[in-house]
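Enquirer: Fold the following.
(chains A and B)
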Amino acid sequence: MAQLNIDRVSKSFGKTEVLKEVSIGIEEGEFLVLVGPSGCGKSTLLNMIAGLLDPSSGEIRLDDARIDDQEPKDRNIAMVFQSYALYPSMTVEKNMAFPLRMAGVSKADQKAKVNEVATLLQIEHLLNRKPAALSGGQRQRVAMGRALVRDPKLFLFDEPLSNLDAKLRVDMRTEIKLLHQRLGKTIVYVTHDQVEAMTMASRIAVMEGGLVQQLGTPAEIYDRPANMFVATFMGSPAMNLLPAIAGADGKTIMVGDQTLPLSPIAAAPAKGQTVKLGLRPEWFNLTGEGSAIVARVELIEPTGPDVYVSLRINGERVMARLPAGTEIDAGTERTFHVTLDKAPIFDADTGAALYA
Amino acid sequence: MATARNRASFERGFVYLVLLLSAAFFLMPLIAMIFTSLKSMPEITGAAGFENNTILTPPKEPSVAAWGAAWSSACIAVACEGLRSYFWNSVLMVVFAVAISVMLGAVNGYVLSKWRFRGDNIVFGMLLFGCFIPFQIVLIPMARLLGILDIAGTIPGLVFVHVCYGIPFTTLFFRNFYVTIPDELVKAARIDGAGFWSIFFLILLPISTPIFVVAIIWQFTGVWNDFLFGASFAGADARPLMVALNNLVNTSTGTKTYNIDMAGAMIAALPTMLVYIVGGRYFVRGLTSGAVKG
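Expert: Just a heads-up that it's a prediction; the model follows:
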């Protein structure tokens, strides 16, 4: 039995259905990331786990005890908010001690616990400051500290890194992951950033339109996307989708007049069926690995470590990622190679991936 | 270069001149009041020795006798005890009326912005409507209500009336202020285990100083300067200062004692001025804090 069990949870605001029978179960110590575009329902789901919103139907259980009808304070959870939500009139120390104070913990124990967590997060020197006198990264740490002092069963993070600049975001990402490794606490983390999801999660739930499109490990999500939405949402630049027609022998696929072998992971579509072929930008190369494909080079964007090359294949725009220093000219026609062992095909109508 | 700079300083000088003139113009009534209150009656009426005096001539022999008389011995109707007791009536009334209406407004604003409920906007709209009800319309119903509550003619009765009229305004102030405070603060506090009142007292009140100052100044000015409710609902023992001042000015035996009238008016105006001077710098900050987010 999973530690956190979200069981067929739905939520409607008036006539708008934000979540439709969502079910997710995770084990103790897991790092679950809910990822999806704005309005996919991920924050609504997190708020319902926290108890800030009531589900319209369904159950949420923590350690087999039903929590969806409990007050937030009785659920033994802690939450870190995007805006950090530090209490402006209190010092860092008072902020961090606040949950303990509300729980009626003695002054001496409050102080001991706050000091312990402050040492862990290296913010001892900030204890007497007010939130207004802290930088974004420091506020972030204090917000995490306030969540940690309570020693809750479950941590909730609501886009905690969105307000930080790019460099700090990467640092804090590493730090949260390290903290998770050290403390082994169960975490549910909401983000719209697929890189955050891939780097931090032990499991990812990709959400869209109030549904969980796919729940799996980062590798499963990336290598075997369940549908076109997951395939294009995860990964940057996004996976290319090329219209293709199934060949007669069940082992090939036609992109325009070019024939490519079908990947071993894909199910053989019926002859003549129109599908979409998924090609990740990094599968393209000029070193002769994989199958040959002819493309017209439209535009070259060097990024430093890589060169993004915008191609036209059979009239469709396709993005390829090649190593820096690759010699290539825009406006020319060239033969590329592409490794197809992981290339999925999708049903053109339903968007579902067709795996063998 | 030089001419440009000269012209700039000339323009600046002109601006200051205009500002000084308009300041002097607006200060004239106050100066006239203060001067008159410090003069003796012969000096005011331009009797022998004080010919060619105007209302703006500084007092030749300043004296605070008129202030003393207005405070403790001037005749109001038949009692010659000055404004003193009425002043304390007003203080008592204003302290309770302001404290109660501001606290209730703060709680209302907190609920209407952070604990949304079905129909909350209708409640807020109705409260807002209360801001636009003219005083005169409620006089008779209010008199009846005070009678039923058995507080007619008393200071608690006046406090009740002013609290009723103050709540729409104070609610509006606090609600607009609390709307600008992120909801996440309240959510975080709820998860941290704080309840309705802990969130209000421990988290929101400590950051509400600017809007408290606004609400207090607004209510203090309104309640202190009120004449209509005081004249309508106060009995002989509960009469507030503004009503007494009116009676003082209208009680005349022989000549009108302008110096005592002016001193009385100054005494009546001083507390409001004091409140503005102490809280003024918060006033504009608090009034505009709801207007622009962040």
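Enquirer: what residue ranges in chain A score low on pLDDT?
Expert: Per-residue confidence for chain A (pLDDT under 70) gives these ranges: A:1-2.
Enquirer: And the helices in it, which stretches?
Expert: For chain A, the helices identified by DSSP state H occupy A:42-50, A:92-102, A:107-121, A:136-148, A:166-183, A:194-200, A:218-223, A:228-233, in order along the chain.
Enquirer: And for the stretch 151-294 of chain B?
Expert: B:155-179, B:183-191, B:196-198, B:209-225, B:228-233, B:241-250, B:258-289 (DSSP state H, counting those that start in this stretch).
Enquirer: how about CSV for the ones you listed, with mean pLDDT and distance to residue A:87 added?
Expert: In this view, the C-beta of every residue, glycine as well, is placed from N, C-alpha and C. Listed next are the helices of the stretch 151-294 of chain B as CSV, based on pLDDT from 0 to 100; distance: least, CB to CB, whole Å:
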stretch, mean pLDDT, distance to residue A:87
helix B:155-179, 94, 15
helix B:183-191, 93, 7
helix B:196-198, 95, 11
helix B:209-225, 92, 15
helix B:228-233, 92, 40
helix B:241-250, 89, 42
helix B:258-289, 82, 18
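Enquirer: Out of those, which gets nearest to chain A?
Expert: Distances from chain A to each of the helices of the stretch 151-294 of chain B were compared using CB to the nearest CB; the minimum, 3.8 Å, belongs to helix B:183-191.
Enquirer: same for that closest one, what does it pack against?
Expert: When contacts are defined as 3 or more CB pairs under 8 Å, 6 or more residues apart in numbering or on different chains; DSSP states H and E, helix B:183-191 sits against helix A:42-50, strand A:77-80.
Enquirer: Now for residue A:259, how many residues are close by?
Expert: Using other CB atoms under 10 Å in any protein chain shown, residue A:259 is surrounded by 13 other residues.
Enquirer: For chain B, find the nearest of the helices and strands packed on helix B:183-191.
Expert: In terms of CB to the nearest CB, the element of those nearest to chain B is strand A:77-80, at 5.0 Å.
Enquirer: That closest one packs against which elements?
Expert: Helices and strands touching strand A:77-80, as assessed by 3+ CB pairs under 8 Å, 6+ apart, comprise helix A:42-50, helix A:136-148, strand A:154-158, helix B:183-191.
Enquirer: Pull the residues that contact it.
Expert: Contacts with strand A:77-80, where a contact means CB atoms under 8 Å, 6 or more residues apart in numbering or on different chains, come from A:46, A:49-51, A:62, A:99, A:140, A:143-144, A:146-148, A:150, A:152-158, A:160, B:187-188, B:191-192.
Enquirer: List the neighbouring strands of that strand plus their orientation.
Expert: Based on DSSP bridges, the pairing partners of strand A:77-80 within the sheet are strand A:154-158 (parallel).
Enquirer: And the partner strand, how far out from the chain middle?
Expert: The offset between the C-alpha centroid of strand A:154-158 and the centroid of the whole chain comes to 14 Å, using CA atoms, centre = their mean, to the nearest Å.
Enquirer: got the angle between it and helix A:136-148?
Expert: 150 degrees (axes from the mean of the first three to the mean of the last three CA atoms, to 10 degrees).
Enquirer: Can you give me the buried ones in strand A:154-158?
Expert: Along strand A:154-158, these residues count as buried under the neighbour rule (16 or more other CB atoms under 10 Å in any protein chain shown): A:154, A:155, A:156, A:157, A:158.
Enquirer: what does stretch B:145-154 give?
Expert: Applying a neighbour-count criterion of 16+ other CB under 10 Å, the buried positions in stretch B:145-154 are B:145, B:146, B:151, B:152, B:153, B:154.
Enquirer: ok, now stretch A:40-58?
Expert: By neighbour count with 16+ other CB under 10 Å, stretch A:40-58 contains the buried residues A:40-53, A:55, A:58.
Enquirer: Taking the residues you listed, tell me the two that lie furthest apart.
Expert: Using CB to CB, the two most remote members of the buried residues of stretch A:40-58 are A:40 and A:51, lying 20.9 Å apart.
Enquirer: Spatially, what comes nearest to residue 172 if we skip its sequence neighbours?
Expert: The chain I'm using is chain A. The shortest distance from residue A:172 to any non-neighbouring residue, by CB to CB, 6 or more residues apart in numbering or on different chains, is to residue A:161 (5.5 Å).
Enquirer: Chain B was what I was after
Expert: Computed as CB to CB, 6+ apart, the closest residue to residue B:172 that is not its neighbour in sequence is residue B:128, at 6.3 Å.
Enquirer: Ok, residue A:101 next?
Expert: Distances taken as CB to CB, 6+ apart put residue A:110 closest to residue A:101, at 6.3 Å, once the chain neighbours are dropped.
Enquirer: so that neighbour makes contact with residue A:98?
Expert: No: the pair formed by residue A:110 and residue A:98 falls short of the contact definition of CB atoms under 8 Å, at 9.2 Å.
Enquirer: Which of those two has more residues huddled nearby?
Expert: The residue with more neighbours, out of residue A:110 and residue A:98 and counting by other CB under 10 Å, is residue A:98; that gives 26 against 20.
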